[in-house]
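**Student:** Pasting the sequence and the predicted model now:
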Amino acid sequence: MLPFKLSPETLEELKNKACDAQQLDQSEVCGLLVTEDGTLLSFDFLPNESDRAGSYSLSFETLEERVAQLSKLGKTVIGSFHSHPISEAIPGPRDIENAFYNGIELIYDVCGEEARLWSKPTEEDEVCELELTILPPE
């Protein structure tokens, strides 16, 4: 699998939205990981349907509807993403059980300002980290 990339501007957008959500009420941001060229990632932010701090939820209907819309725009959804307001960018048990749309999940650690990309290739609880390159500023 090719290494995935993020532009500094795209990462900054995630950082700002995740920080705002953390400061508001310890909530998480979430959505879909999108690409047009197979490697350069962008974020499609979706409303967090959870009302619990430190948690996120996306309904299957919301996901499928948005995936169809993005497909019509020529974009490919490779996975999902969410933020961790107070913990490292490592998948926890609930993440492993409920996240990983299409088997890929990007997690952003708000406190550590770090994004990490994970793969869950099977239904088992094993995850592995994927290479994620932050491009230099233009």
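**Tutor:** Structure received. Numbering: from 1, shown residues only.

**Student:** From the centroid of this protein, which residue is nearest?
**Tutor:** By Cα atoms, centre = their mean, the chain has its centre lying nearest to Phe81, at 1.2 Å.

**Student:** For that one, name its beta-bridge partners.
**Tutor:** Beta bridges link Phe81 to Gly31, Leu106, judged by DSSP bridges.

**Student:** how close does it sit to Leu14?
**Tutor:** From Phe81 across to Leu14, the span is 8 Å (Cβ to Cβ, to the nearest Å). No exception for glycine: its C-beta is placed from N, CA and C like everyone else's.

**Student:** Give me the common contacts of these two.
**Tutor:** 43, 108 (Cβ atoms under 8 Å, 6 or more residues apart in numbering).

**Student:** Can you give me the buried ones in the helix ranked longest in the chain?
**Tutor:** Using DSSP state H, we find that the single longest helix of the chain is helix 8-25. For helix 8-25, burial by neighbour count (16 or more other Cβ atoms under 10 Å) applies to 10-11, 14-15, 17-19, 21-22.

**Student:** so which of these would you say is closest to Leu106?
**Tutor:** Leu14 (8.5 Å; Cβ to Cβ).

**Student:** And the longest helix of the chain, how far out from the chain middle?
**Tutor:** 12 Å (Cα atoms, centre = their mean, to the nearest Å).
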